[in-house]
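Q: Sequence first, then the predicted structure, then my questions.
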Amino acid sequence: VSILLNFTKNNVHYGVYFMDPVDPERDNVPNYRKVITNPMDLGTLLNRVYLDYYKNSAQFWTDIGFVFKNCRKFNKDVSSDIRTLSDTLREVIFVIWD
């Protein structure tokens, strides 16, 4: 999770965009909670790891999957910046854990 949070490419810190939970008011996405039923972010994931929240690896992988699935579900435009950031981080996971 730390690798994802710190991932940088072309001076863009990708992980920072997924560090905190989406705040519909702050992020100007008032319908976010209507569309996304299982919100997840990398900061919450990291806290859960430190707190021994996960009883098995499947729980961890389910949550990390929500970070990227939620982004894809809410940001349907494949050319949007946030979608590009998300898809890149998702690929980083496959490279790291392959």
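A: Okay, I see it. Residues are numbered from 1 along each chain as shown.
Q: Can you name the secondary structure element that comes next after the longest helix along the chain?
A: Identified as the longest helix of the chain according to DSSP state H is helix 57-74. Next helix or strand after helix 57-74 toward the C-terminus (DSSP states H and E): helix 81-96.
Q: next one: that next one to chain centre, how far?
A: 9 Å (CA atoms, centre = their mean, to the nearest Å).
Q: Next, the angle helix 57-74 makes with that helix.
A: Inter-element angle recorded for helix 81-96 and helix 57-74: 150 degrees (by axes from the mean of the first three to the mean of the last three CA atoms, to 10 degrees).
Q: Using CSV, list the CA coordinates for helix 81-96.
A: What follows is helix 81-96 as a C-alpha-only set of coordinates in CSV (Å, rounded to 0.1, in the frame of the first residue of the first chain):
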residue,chain,number,x,y,z
ASP,A,81,-7.2,12.3,-15.5
ILE,A,82,-8.4,10.5,-12.3
ARG,A,83,-9.3,7.3,-14.3
THR,A,84,-5.8,7.4,-15.9
LEU,A,85,-4.2,7.7,-12.5
SER,A,86,-6.3,4.8,-11.1
ASP,A,87,-5.7,2.5,-14.0
THR,A,88,-1.9,3.2,-13.8
LEU,A,89,-1.9,2.4,-10.0
ARG,A,90,-3.9,-0.7,-10.7
GLU,A,91,-1.2,-1.9,-13.2
VAL,A,92,1.5,-1.1,-10.6
ILE,A,93,-0.2,-3.7,-8.3
PHE,A,94,0.1,-6.4,-11.0
VAL,A,95,3.8,-5.5,-11.5
ILE,A,96,4.6,-5.5,-7.8
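Q: Which positions within it qualify as buried?
A: By 16 or more other CB atoms under 10 Å, the buried positions in helix 81-96 come out as 83, 85-86, 89-90, 92-93. Yep, even glycine has a C-beta here, placed from its N, CA and C like the rest.
Q: quick one: the residue most central in space within the chain and W97, what's the gap?
A: Taking CA atoms, centre = their mean, the centroid of the chain lies closest to V67, which sits 3.2 Å from it. Per CB to CB, to the nearest Å, V67 is found 15 Å from W97.
Q: One more: K69?
A: For K69, the distance to W97 - CB to CB - is 17 Å.
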